[in-house]
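coords please:
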Amino acid sequence: MPIINRVAELQPAIQAWRRDLHSHPEVMYDVHRTAAFVAERLRAFGCDEVVSGLGQTGVVGVIKGRQPGGVIGLRADMDALPIDEETNLEYASKTPGKMHACGHDGHTAMLLGAAQYLAETRNFAGSAVVIFQPAEEGGAGALAMIKDGLMDRFGIQQVYGMHNGPGMPVGSFSMRPGAIMAATEHITIRIEGVGGHAAYPHLTIDPVLVGAQLITALQGIVARNVDPLQSAVISICAFHAGSAHNVIPHFAELKGTARSLHADVRDLLEKRIREVVAGVALQTGARIKLDYERSYPVVMNHPAQTEIAAQVASEVAGAENVDTDMVPIMGAEDFSYMLEARPGAFIFIGNGDSAGLHHPAYNFNDDAIVFGTSYWVRLVETTLAA
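Okay, the predicted model is just below:
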């Protein structure tokens, strides 16, 4: 089945919603305007239940089919990023320092379009639960909604998510069973040395040199401790120390991340990072404090639900436009928490030849709307066949 005719008719409205959201980006949990925008439309569509304030600012709509049956959850993220937009679009961000640079405006709009269609037709047995989540970008909004009772309160039995993919052709989908996105950790290393005059380094413990040694040693973990057939990343992304040409500072701070696709590799990275930090401290005489915070787990697709997602995507876009064995990516996603709570699948939809995610020139491709919205509709009608 190709694009749904009614969805094509709704495309201009969905596009208008998307561009309105793009003009008014909000970050983390502070998505009050966006949440109100979503809730207002869900009520106008005639959803059987609309709940706001779940997980602080999340919104949930319930649409009941023509007869009793199962319950499926569909999730879109609502939050933007703290980035200055550089697109020069007529609907560019009106809020300096905030931008929809990851396409969550498109995700929200497509799920709203699906909600309108499903509320009009109700050609399924059971309930479709549309989930609009805050704080995907580092705030674990998915976990907050789960802790607020998302799964149990609405009886969700399986859950699905979707993200746009720059570089993938519009009208294409990608997915895989098992690990599809990485677990992520936050690393902060504070180094206390002994500062002094740059002309007398022998009288100091130079935290800049200690930090440089740490960065080099940490890269050796991936190169020499992780199985070459496994995936792992350690990136130190910030190095702050000193402010003068001739002063060896007293303190330095490193910040970075570790990424992995398997639990044993995740444990290995933490173990070796802690050992390396302790070893460099012993070697140099510096006092080093490591804060190692585990963040989002691996996004782990369930095989049966991934097969359903592939079948539906093939109906919408054609089997030749669906990759069911995509290479996992080392980015992270808090939809992982939902997949730990319920079986489901997370897939990617083509965004065409756009700038990359989190880039100031990125823009969601409105041509993808009909494909994503049709996918959501057919996923409900297939999973909850009347």
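
Please make it C-alpha for all contacts and neighbour counts, starting now.
Fine.

Give me the distance between V327 and T188.
Separation of V327 from T188 (C-alpha to C-alpha, to the nearest Å): 29 Å.

Who are the contact partners of A313?
Residues counted as contacts of A313 (C-alpha atoms under 8 Å, 6 or more residues apart in numbering) are 173, 319, 322, 375.

out of V327 and T188, which sits in the busier spot?
T188 (17 against 13; other C-alpha atoms under 10 Å).

what sits opposite the more buried one in the beta ladder?
K255, D291 (DSSP bridges).

That one against A252, yeah?
No: contact criterion C-alpha atoms under 8 Å: T188 and A252 do not qualify, at 10.7 Å.

Please flag which of the contacts of A313 sit within helices.
Residues of the contacts of A313 located in helices (DSSP state H): Y375.

Strands of the stretch 201-350 of the chain, start to end?
Taking DSSP state E, counting those that start in this stretch as the criterion, the stretch 201-350 of the chain carries its strands at 232-241, 247-248, 251-260, 287-294, 299-301, 322-323, 344-350.

quick one: which of those is nearest A16?
strand 344-350 (19.8 Å; C-alpha to C-alpha).

contact partners of the closest one?
For strand 344-350, contacts defined as C-alpha under 8 Å, 6+ apart pick out 158-177, 299-302, 305-306, 309, 335, 339, 368, 372.

who does that strand pair up with?
Applying DSSP bridges, strand 344-350 is found paired with strand 158-165 (parallel), strand 173-174 (antiparallel).

Let me know whether H197 touches I248 as I believe.
Yes: using C-alpha under 8 Å, H197 makes contact with I248 at a distance of 5.9 Å.

who has more neighbours, those two?
Neighbours per residue (other C-alpha under 10 Å) separate H197 from I248, with I248 holding more: 25 against 14.

just to revisit the earlier point, deepest of the strands paired with strand 344-350, which one?
Ranked by mean neighbour count under mean count of other C-alpha atoms under 10 Å, the strands paired with strand 344-350 are led by strand 173-174, which reaches a mean of 28.

what does the helix or strand that that strand is followed by rub up against?
Stepping forward along the backbone from strand 173-174, the first helix or strand reached (DSSP states H and E) is strand 178-181. Here strand 178-181 makes contact (C-alpha under 8 Å, 6+ apart) with 261-262, 298-303, 327-333.

One more pass at 7 Å, please.
By C-alpha atoms under 7 Å, 6 or more residues apart in numbering, the surrounding residues in contact with strand 178-181 are 261, 298-303, 328-333.
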